[in-house]
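Participant: Everything below, folded, please.
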Amino acid sequence: MPPLVPRALRRPDRLARLALDRLVLSAVHGFVMATDGVSRGQRGTARKERVFARGKLELFRVTPTEALEAELGHGELRVEPPRQATPIVLVPPLMVRPYIFDLRPDHSMVRSLRNAGFDVFVVDFGVPDRADEGVRLDDYVLDYVPACVDAAIAASGAKKLTLAGYCMGGIFSLLHVATHRDERIANLVTIGAPIDFGEMGIITWASKLGDRVIDPLMDRLGNVPSSLVTLGFKLLDGPQMLTRYVDLVTRLWDYEYLRGFDSIQAWTSDFIPYPKEAFKQMIRDVAAGDKLRRGELVFGDKRADLSAIRCPVLAFAGQTDGIATLPATRAILEHVGSEVKDFREVPGGHIGVVGGTRAPEAVWGPMAEWLKAR
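Facilitator: Numbering: from 1, shown residues only. Model (predicted):
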């Protein structure tokens, strides 16, 4: 029978030393976590330049990887990084700052895609204030997202690009093509983006119950406060939020684990307000009315028809996502008109699917490989 512990740890004194070392590290790391955190200053630090700005709306371009040069005998060796022809525009959801795509240098979707040779752009919708209470979903679909697509096309010089979005950002990406029939969109990628709002469990019931009172309530409240957004998100995340803290206590000695925990914790404590009118539409028309799936969403004089989407679609869904549930996200396959449509169940909940420890191998890498083939 093989030993239950490694040979180096069989001696009681070594086991005691290991326990003591972990106890000391836990105390030190716990103090650091309680004061400044261990990774919060590393969020959104990938080099980038602003290529478009109007009001609070901004579009940033991640600085490409430079060629490597080295002397080799009497000559020089120059290694060019890979270059992909089709740029990517990453669209964040409402309530969330765009650094979700760049949590820290060694755990960053934008850097992963950039290193794979893609020209990466990131949309920033800005932080809503009282002046934005009247902003509607129409503004995002008819103005903000199209403006960023135009700017990315102009900056990159490409004829087509990929739209990729997380949660509501994925829905905005789908709505852009479904509403405008934009043939410049070569591919669509969604991460944790629900389509069938009748399959979202407690969110479905809450939206239907609150449909009748949402308008007068929001008229008094104004924009949904960030503190309320944070509370609601953590409640919806359910048991996973509690188990994360249990894991934290037992792994305070593990610095790399703490860096990942801290970056996620900082993100989920840093939500931003949700524009009042957009929230009312989201509850009334999308969540309670389920108009997205039924093709009844109208923006101005245009109707959003998911069956009009013809470009290749790749959809990721978290296996334990209690917000964008598997049935709610899998419905993408039924409603888009694309011949090429790929749905992938990956480890993680609504947070882990885009920024968790397994996101690089389960989402970012497969996303890059899928796009390279197209």
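Participant: Quick one, grab the pLDDT at Gly322.
Facilitator: We have a pLDDT of 83 for Gly322.
Participant: could you measure it against Ala315, distance?
Facilitator: 18 Å (CB to CB, to the nearest Å). C-betas here are computed from N, CA, C, even on glycine.
Participant: can you check Arg136 too?
Facilitator: 26 Å.
Participant: out of these two, which sits in the more crowded spot?
Facilitator: Of the pair Arg136 and Ala315, Ala315 is the one with more neighbours under other CB atoms under 10 Å, namely 24 against 18.
Participant: Assumed that one was part of a strand.
Facilitator: Yes - the assignment for Ala315 is a strand, going by DSSP: H, G, I helix; E, B strand; the rest coil.
Participant: Go ahead and confirm it touches Glu345.
Facilitator: No - between Ala315 and Glu345 there is no contact under CB atoms under 8 Å: 9.9 Å.
Participant: tell me the mean pLDDT for stretch 90-110?
Facilitator: The model assigns stretch 90-110 a mean pLDDT of 93.
Participant: What residues does the closest residue to Ile272 other than its chain neighbours make contact with?
Facilitator: Spatial nearest neighbour of Ile272, chain neighbours left out: Val127 (4.8 Å); criterion: CB to CB, 6 or more residues apart in numbering. By CB atoms under 8 Å, 6 or more residues apart in numbering, the contact set of Val127 is 56, 97, 272-273.
Participant: Now rank those by neighbours and give me the top one.
Facilitator: Pro273 (22 neighbours).
Participant: Okay, Ala359 and Arg330: tell me how far apart.
Facilitator: Separation of Ala359 from Arg330 (CB to CB) stands at 19 Å.
Participant: Check Ala164 too.
Facilitator: 18 Å.
Participant: For the chain, which helix or strand comes out least confident on mean pLDDT?
Facilitator: Every helix and strand of the chain was ranked by mean pLDDT, DSSP states H and E. The lowest is strand 68-72, at a mean of 52.
Participant: follow-up on the earlier one: looking at Ala164 and Arg330, which one has more neighbours?
Facilitator: More crowded of Ala164 and Arg330, by other CB under 10 Å: Ala164, with 26 against 17.
Participant: Tell me the secondary structure at that one.
Facilitator: Strictly by three-state DSSP, Ala164 counts as strand.
Participant: Spit out the contact partners of it.
Facilitator: 88-91, 170, 173, 188-191, 367.
Participant: With adjacent residues omitted, what lies nearest to it?
Facilitator: Excluding the flanking residues, the one nearest Ala164 by CB to CB, 6+ apart is Val189, at 3.8 Å.
Participant: Sheet-wise, list the partners of the strand or helix carrying that neighbour with their directions.
Facilitator: According to DSSP states H and E, Val189 maps onto strand 185-191. Partner strands for strand 185-191, per DSSP bridges, with pairing direction: strand 161-166 (parallel), strand 313-318 (parallel).
Participant: residues touching the residue nearest to Ala164, list them.
Facilitator: Residues in contact with Val189, defined by CB under 8 Å, 6+ apart, are 162-165, 170, 173, 313-316, 367, 370-371.
Participant: For Asp301, state which of those residues is nearest.
Facilitator: Distances from Asp301 to those, taken as CB to CB, are shortest for Ser173 (21.4 Å).
Participant: shouldn't the closest one be in contact with Thr190?
Facilitator: Yes - between Ser173 and Thr190 there is a contact under CB under 8 Å: 6.5 Å.
Participant: shared neighbours, the two?
Facilitator: 164-165.
Participant: what's the neighbour count on Arg358?
Facilitator: 12.
Participant: do the same with Ser307
Facilitator: Residues near Ser307, counting by other CB under 10 Å: 12.
Participant: Next, the contact list for it, please.
Facilitator: Per CB under 8 Å, 6+ apart, neighbours of Ser307: 295, 335-337.
Participant: re earlier: nearest to Met109 among the contacts of Val127?
Facilitator: Arg97 (13.9 Å).
Participant: pretty sure the closest one contacts Pro273?
Facilitator: No - the criterion here is CB under 8 Å, and Arg97 misses it with Pro273 at 11.8 Å.
Participant: Surely Met109 and Ala359 touch.
Facilitator: Yes - applying CB under 8 Å, one finds Met109 in contact with Ala359, separated by 7.5 Å.
Participant: Which residue ranges of this structure form strands?
Facilitator: Ranges of strands in the chain, per DSSP state E, are 48-54, 57-62, 68-72, 75-79, 88-91, 120-124, 161-166, 185-191, 298-299, 302-303, 313-318, 341-346.
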